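Novice: Sequence first, predicted coordinates after that:
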2 protein chains.
Amino acid sequence: MPDLSTRDMIVQRADTLFYEAGYEATSFADIAAAVGISRGNFYHHFKTKDDILAAVISLRHQRTEAMLAGWEAEADTPTACLLGFVRLLILNRTKIMAHGCPVGTLCSELAKLDHVAQPEAAAIMALFRDWLTGQFRAMGRDDAERLALHLLNWSQGTAVLAATFRDETYLRAEVDRIERWLVALPQTHPI
Amino acid sequence: MPDLSTRDMIVQRADTLFYEAGYEATSFADIAAAVGISRGNFYHHFKTKDDILAAVISLRHQRTEAMLAGWEAEADTPTACLLGFVRLLILNRTKIMAHGCPVGTLCSELAKLDHVAQPEAAAIMALFRDWLTGQFRAMGRDDAERLALHLLNWSQGTAVLAATFRDETYLRAEVDRIERWLVALPQTHPI
DNA sequence: GTCTATAAATAGATAGAC
DNA sequence: GTCTATCTATTTATAGAC
């Protein structure tokens, strides 16, 4: 990642640290050390820790939108789009087993902290929900939102249990089950 | 709660604070204030914050065992036992929407912190998994553990999304779906 | 924009009087 | 067992030189 501004570097490293260690457990000193700048310089770019969190959430929001648009551009069918979503669990399996789902764990932590940015974090989850709803609708399902929430629920549950038991076999088996459910969907009745 | 020892009071209040605000976000001062003792007195009972966490996890472990045994004593059938588990989501809905599942969020936070007590927290989740497995086995299912993990996954996913969107309607609808799945199980083939 | 130096508050933790 | 006083490290945050 060449030629990033210091501000962008801060947001990027903070994003990683907030995911890996959690928001509360990450200090300014941690971020400054990861970026390679002094703590003093830090405050030239961000006044408070909440400001960095807002920037990190904004970055994740943009990245998520881009990722979802990318899947839609690459895949031929709604089912292929949905499989792209599910395979993210496999692609990121090592990080998920160590730190959980980046979206789910941030929403959970900010809910506990009763943080003002909780709704902004939830908006990223809503991005997934709405995109999934669009795919199920494109499959001709009139219960599209319910199916989207079911798939989101299943993914979040899988991430929590994979991180809890640190069990890759479980994660892979669960993804297999989700995939089989997805490809069987067009021919089946509503669950 | 009358006549609790100071030590027990500390563990009890810490349990609440760790659930509501998170382990990392709760300070010694917070716990001492909640109990109504000085910070100095605190260290007479616990040497480190990790020691309190260990005591809290131990308390939760015992409570969970007692709760599971209680459900088994009260319910006539395995299905009734399983419904008792599911209804915990309704019973604790307000706290779950505000702070998530106490077990899932603690396991997730300790995984992120790479904390030595993470396996002890995961053992509480395993307590649920094994108890659920026993109920499905009593129903004559030879895929009992898979069903137990499916139900645990579903519950965790529901807790994460309920806390993310702070949506009681969603939580109740999801519990309804789980209950319908449960009561239909004996007559159906494996999912 | 970046640094060093430093402030002010809070964190976890200890000593010793009562 | 409980308190006050204190210590040390860390946290967020600021001031001012370069």
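Specialist: Thanks, I have the structure now. Numbering: from 1, shown residues only, chains lettered A, B, ... in the order given.
Novice: so what's the residue lying farthest from the centre of chain A scoring on pLDDT?
Specialist: Within chain A, residue A:40 marks the point farthest from the mean C-alpha position, 31.1 Å out by C-alpha atoms, centre = their mean. Per-residue pLDDT puts residue A:40 at 92.
Novice: does it sit in a helix or strand, and which one?
Specialist: helix A:39-45 (DSSP states H and E).
Novice: Excluding chain neighbours, what is closest to residue A:158?
Specialist: residue A:174 (4.5 Å; C-beta to C-beta, 6 or more residues apart in numbering or on different chains). C-betas here are computed from N, CA, C, even on glycine.
Novice: Residue B:30 versus the one you found, what's the distance?
Specialist: Between residue A:174 and residue B:30 the distance is 37 Å, computed by C-beta to C-beta, to the nearest Å.
Novice: so where's chain A shaky on pLDDT?
Specialist: A:1-3, A:187-191 (pLDDT under 70).
Novice: Write out the residues of it neighbouring DNA strand D.
Specialist: Chain A comes close to DNA strand D at residues A:27, A:28, A:29, A:30, A:39, A:40, A:42, A:43, A:47, A:48, A:49, as judged by C-beta under 7 Å from any atom of the strand.
Novice: count of residues packed around the third one?
Specialist: Counted with other C-beta atoms under 10 Å in any protein chain shown, the burial measure for residue A:29 works out to 10 neighbours.
Novice: Show me what the one helix or strand it maps to packs onto, helices and strands only.
Specialist: Using DSSP H and E, residue A:29 sits in helix A:28-35. With contacts taken as 3 or more C-beta pairs under 8 Å, 6 or more residues apart in numbering or on different chains; DSSP states H and E, helix A:28-35 sits against helix A:6-21, helix A:39-45.
Novice: Whether the shortest one contacts DNA strand C - can you check?
Specialist: Yes - contact of helix A:39-45 with DNA strand C is found when judged by C-beta under 7 Å from any atom of the strand, involving A:39, A:40, A:41, A:44, A:45.
Novice: do you know how far the residue in chain A that DNA strand C sits nearest to is from residue A:28?
Specialist: Here chain A gets closest to DNA strand C at one residue, residue A:40, 2.0 Å apart by C-beta to the nearest atom of the strand. Distance of residue A:40 to residue A:28, given as C-beta to C-beta: 10 Å.
Novice: where's residue A:4, which helix or strand?
Specialist: Here residue A:4 sits in a region with no helix or strand, counting by DSSP H and E.
Novice: separation between it and residue A:178?
Specialist: Distance of residue A:4 to residue A:178, given as C-beta to C-beta: 36 Å.
Novice: Pick out whichever of the two has more residues nearby.
Specialist: Remark: of residue A:4 and residue A:178, residue A:178 carries more neighbours, 21 against 12, as counted by other C-beta under 10 Å.
Novice: Distance of the more buried one relative to residue B:66?
Specialist: From residue A:178 across to residue B:66, the span is 35 Å (C-beta to C-beta).
Novice: Could you do residue A:33 as well?
Specialist: Separation of residue A:33 from residue B:66 (C-beta to C-beta) stands at 45 Å.
Novice: check contacts around residue A:105.
Specialist: Contacts for residue A:105 (C-beta atoms under 8 Å, 6 or more residues apart in numbering or on different chains) come out as A:19, A:22, A:99, B:108, B:112.
Novice: thinking again about what came up before, dump the residue contacts of the residue of chain A closest to DNA strand C.
Specialist: For residue A:40, the contact set (C-beta under 8 Å, 6+ apart) is empty.
Novice: Which of the residues of helix A:39-45 next to DNA strand C are buried? Put it as a PyMOL command.
Specialist: Those of the residues of helix A:39-45 next to DNA strand C that count as buried under 16 or more other C-beta atoms under 10 Å in any protein chain shown are selected in PyMOL with:
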select buried, chain A and resi 45
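Novice: Which of the residues of helix A:39-45 next to DNA strand C sits closest to residue B:183?
Specialist: residue A:45 (56.6 Å; C-beta to C-beta).
Novice: Give me the nearest residue to the closest one, chain neighbours excluded.
Specialist: That would be residue A:7: by C-beta to C-beta, 6+ apart, it lies 4.7 Å from residue A:45.
Novice: And for residue A:59?
Specialist: Nearest one to residue A:59, counting by C-beta to C-beta, 6+ apart, is residue A:11 at 5.5 Å.
Novice: Only the buried residues of the helix or strand containing residue A:172, if you could.
Specialist: Following DSSP H and E, one finds residue A:172 within helix A:168-184. For helix A:168-184, a neighbour-count test (16+ other C-beta under 10 Å) marks A:170, A:171, A:174, A:175, A:177, A:178, A:179, A:181, A:182 as buried.
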